[in-house]
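[1] A predicted structure for the sequence below; I have some questions about it.
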Amino acid sequence: MRRRVTITVEEGVVQAAEAAVASGRSPSVSDWAARAMADRANRERLADVLAGIREELGPATDEETAWARSVLGL
């Protein structure tokens, strides 16, 4: 289900969304904004999962961090 909302953003963000539409990278400004919001929500959910893992198992070792970064290409 989709729901209409009104948001206020910086002019540069609007221009980026409009450029994405003009270049064919997004079908509409609304779709561009909705995808950005969904991406943010997914990152925040992942951060919550990682915080739970850290709480349960403690912080990652330097070796574990290096491995994760190499797998993720960071």
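    That came through, no problem.
[2] And the lengthiest helix in the chain, what's buried?
    In the chain, ranked by residue count with DSSP state H as the criterion, the top helix is helix 29-57. Going by neighbour count (16 or more other C-beta atoms under 10 Å), the buried part of helix 29-57 is 32, 33. Using the backbone N, CA and C atoms, a C-beta is placed for each residue, glycine as well.
[3] what packs against it?
    helix 11-22 (3 or more C-beta pairs under 8 Å, 6 or more residues apart in numbering; DSSP states H and E).
[4] got the buried residues for the helix it packs on?
    Buried-residue list, helix 11-22, by 16+ other C-beta under 10 Å: 17, 20.
[5] and that helix, C-alpha only, in CSV?
    Taking Å, rounded to 0.1, in the frame of the first residue of the first chain, the C-alpha atoms of helix 11-22 are listed here in CSV:
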residue,chain,number,x,y,z
GLU,A,11,16.7,22.6,-3.4
GLY,A,12,19.7,20.5,-4.4
VAL,A,13,17.9,17.3,-3.4
VAL,A,14,15.0,18.2,-5.6
GLN,A,15,17.3,19.0,-8.5
ALA,A,16,19.0,15.6,-8.1
ALA,A,17,15.7,13.8,-8.2
GLU,A,18,14.6,15.8,-11.2
ALA,A,19,17.9,15.0,-12.9
ALA,A,20,17.4,11.3,-12.2
VAL,A,21,14.0,11.5,-13.9
ALA,A,22,15.3,13.5,-16.9
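[6] show me the contacts for residue 17.
    26, 29, 32, 33 (C-beta atoms under 8 Å, 6 or more residues apart in numbering).
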